[in-house]
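S.K.: starting from these lines, generate the structure:
(chains A and B)
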Amino acid sequence: MAFPVRVRLLVVAVALLSIAAAVPTQAQKRGPDGAPNPTASVIDEQTLLKQSPRVEGRVDIPDPRAGVLIEPAGRTWQYVHEVLLHRASAVIILGTIAILGLAYLSVGQIRIAEGRSGKKILRFKAFERFAHWLTAVSFVVLALTGLNLTFGKVLLLPVIGPDAFTLVSQAAKYVHDFTGFSFAIGLVLLVMIFFRDNLFQKIDLDWIKQGGGFIKNKHAPAGRFNFGEKLVYWFSMAGGAAVSVSGFLMLFPFFGFGIAGMQLAQIVHTVVAVLFIALILAHIYIGTIGMEGAFEAMGTGEVDLNWAKEHHDHWIAQQLAK
Amino acid sequence: MVRMKFLCDADRCIDCNACVTACKNENEVPWGINRRRVVTINDGKPGERSESMACMHCTDAPCAAVCPVSCIYPTEDGVVLHSKDLCIGCGYCFYACPFGAPQYPQVGNFGSRGKMDKCTYCAGGGGPEAPGSAEEFAKYGSNRFGEGKLPMCAEMCSTKSLLAGDGEVIAQIYKERVFKRGYGSGAWGWMTAYGEAVRV
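M.R.: Predicted coordinates:
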């Protein structure tokens, strides 16, 4: 009989020990007056913020956003957006304009070396030009309305006053939201039309070796598009995809993303958009006042034969052989 | 100088949502707009705490800094107000707000937002409407502040967890509480909102 009693005692002892181990030791802490200290097991805000960038909890409102109690990253986003991006954007855009201005003053318009032949050849079909101008017009509208959201309060608000500025900005916001769709459609068309002709080839290496046509007595060979144009194309497609995706995320706010995702989308949108504007400023420059005979390609669609021979010799050889 | 602030004593909040109801009733905010909410941390676990949160009327308010039409501004009492006449509903203030305070009525398809709405400290609006007028009430809600009264949420708090008033006064009340009862998990959000914690 003695043995089972011992076993029973052992079982009870183990059970008691395990219960004692399971009770959190914090529950035993007491305040100065001897009463249990209810905050002993509570982690304070600063501890929570060290564990996670946000303090989140349960909320009765059927809106998961409301469950984020404290999110100090909001202040970080404010600093990045209001200070860093403002300064960087101003430097990048004004810097690009300054560089292009200097280029025009020093180099001037690049002339067709042999002069105009008077013969025209079709470079871009009507549908290709439509796709380009759909994207281009959308881009300019988006850029101006977007810049208004960033710099409007510095440049325009003091000039026209708060009421008029709100009218302008409200309209600009709607225009920006809807033009995003036509820009995205144009982008898809450009991908479909010009994808193949912009794939990198061996000839691009020769073009770089020959100094891209910037060296007077060297001839840089190119197919339908030269290496520089291909770079503009791929940067534009990548930038266009980035601004479109981040833009649509902001058009449908909090659709599958929390506050951190929205803040990131906004920063990506701004950074890419500003670099995109700088790129397109250079594209506009070289396509208009920077080079004689270049604008016609997207204007009427027809270029001068001598211009084509000078800048796209392989392409014109193929066209004439047809 | 008087600087109006909110302080929620998490050790007193019982998640009764009286502040939420009081706010909705006092300001007659539309359906779907929640100027104040109660968030429960560690729900159902040891150390569960609830915290009532609305606009904290921050020092150097980030919403005011990012607003592209500069429609948000602090009053001389430290209350952050905005003008619904100027707001374009871009949503930037929500991205900048550390407390999720700005609210937007859904006005159309997709994510189109209406004019931003948020806690006004029951101090009316930041627009051109006359203080205490019906026009002001329709747009922004109550203007108790103009009558010398504190926000309804804090006044209705059943456990006096939510305190509103001059920052120094409510911090002192909280300090005395902590001293008396021997514990306190701190003034939540103060570091982020005002750049200072309540040291006890």
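S.K.: use CA for all of it now, contacts and neighbours both
M.R.: Noted.
S.K.: check whether the top helix by length along chain A contacts chain B.
M.R.: Counting residues, the longest helix found in chain A (DSSP state H) is helix A:162-194. Yes. Against chain B, helix A:162-194 shows contacts by CA under 8 Å from any CA of the partner chain at A:162-163, A:165-166, A:169-170, A:173.
S.K.: which member of the residues you listed is positioned nearest B:E136?
M.R.: A:D163 (17.8 Å; CA to CA).
S.K.: quick one, what contacts that closest one?
M.R.: A:D163 sits next to B:85-86 when contact means CA atoms under 8 Å, 6 or more residues apart in numbering or on different chains.
S.K.: pLDDT score for residue 37?
M.R.: Because you didn't say which chain, this covers chain A. Residue-level confidence at A:N37 comes out at 64, pLDDT.
S.K.: please go with chain B instead
M.R.: Model confidence at B:R37, given as pLDDT, is 96.
S.K.: if we can go back for a sec, can you give me the buried ones in the longest helix of chain A?
M.R.: Neighbour counts using 16 or more other CA atoms under 10 Å in any protein chain shown place A:162, A:165-166, A:168-170, A:172-173, A:175-177, A:179-180, A:183-191 of helix A:162-194 among the buried residues.
S.K.: run through the helices of the stretch 51-200 of chain A in chain order.
M.R.: Along the stretch 51-200 of chain A, counting by DSSP state H, counting those that start in this stretch, helices occupy A:73-79, A:86-106, A:126-155, A:157-160, A:162-194.
S.K.: what residues sit buried inside the fourth one?
M.R.: So the one you mean is helix A:157-160. For helix A:157-160, by 16+ other CA under 10 Å, it's A:L157.
S.K.: coming back round to it: what would the helices of the stretch 51-200 of chain A look like in JSON lines with distance to B:P74 and mean pLDDT?
M.R.: Converted to JSON lines, the helices of the stretch 51-200 of chain A look like this (distance: least, CA to CA, whole Å; pLDDT from 0 to 100):
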{"stretch": "helix A:73-79", "distance to B:P74": "17", "mean pLDDT": "95"}
{"stretch": "helix A:86-106", "distance to B:P74": "23", "mean pLDDT": "96"}
{"stretch": "helix A:126-155", "distance to B:P74": "18", "mean pLDDT": "96"}
{"stretch": "helix A:157-160", "distance to B:P74": "19", "mean pLDDT": "96"}
{"stretch": "helix A:162-194", "distance to B:P74": "17", "mean pLDDT": "95"}
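S.K.: just send these back as a markdown table, with distance to A:F295 too.
M.R.: As requested, the helices of the stretch 51-200 of chain A are arranged in a markdown table below (distance: least, CA to CA, whole Å):
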| stretch | distance to A:F295 |
| --- | --- |
| helix A:73-79 | 41 |
| helix A:86-106 | 16 |
| helix A:126-155 | 11 |
| helix A:157-160 | 35 |
| helix A:162-194 | 18 |
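S.K.: to A:A294, which of those lies closest?
M.R.: Across the helices of the stretch 51-200 of chain A, closest to A:A294 is helix A:126-155 (CA to CA), at 13.5 Å.
S.K.: so which elements touch the closest one?
M.R.: When contacts are defined as 3 or more CA pairs under 8 Å, 6 or more residues apart in numbering or on different chains; DSSP states H and E, helix A:126-155 packs onto helix A:162-194, helix A:295-299.
S.K.: including distance to B:C19, could the ones you listed go into a markdown table?
M.R.: Shown next, in a markdown table, are the helices and strands packed on helix A:126-155 (distance: least, CA to CA, whole Å):
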| stretch | distance to B:C19 |
| --- | --- |
| helix A:162-194 | 34 |
| helix A:295-299 | 63 |
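S.K.: and of the ones you listed, who's closest to B:R113?
M.R.: Proximity to B:R113 (CA to CA) singles out helix A:162-194 among the helices and strands packed on helix A:126-155, at 11.0 Å.
S.K.: quick check: next helix or strand after that closest one?
M.R.: Under the assignment DSSP states H and E, the closest C-terminal helix or strand after helix A:162-194 is helix A:202-209.
S.K.: mind listing what's buried in the next helix or strand after that following helix?
M.R.: With elements assigned by DSSP H and E, the helix or strand that comes after helix A:202-209 is helix A:227-251. For helix A:227-251, the neighbour count (16+ other CA under 10 Å) marks A:227, A:230, A:232-233, A:235-237, A:239-251 as buried.
S.K.: intersect those residues with the contacts of chain B.
M.R.: Counting by CA under 8 Å from any CA, the members of the buried residues of helix A:227-251 near chain B are A:L251.
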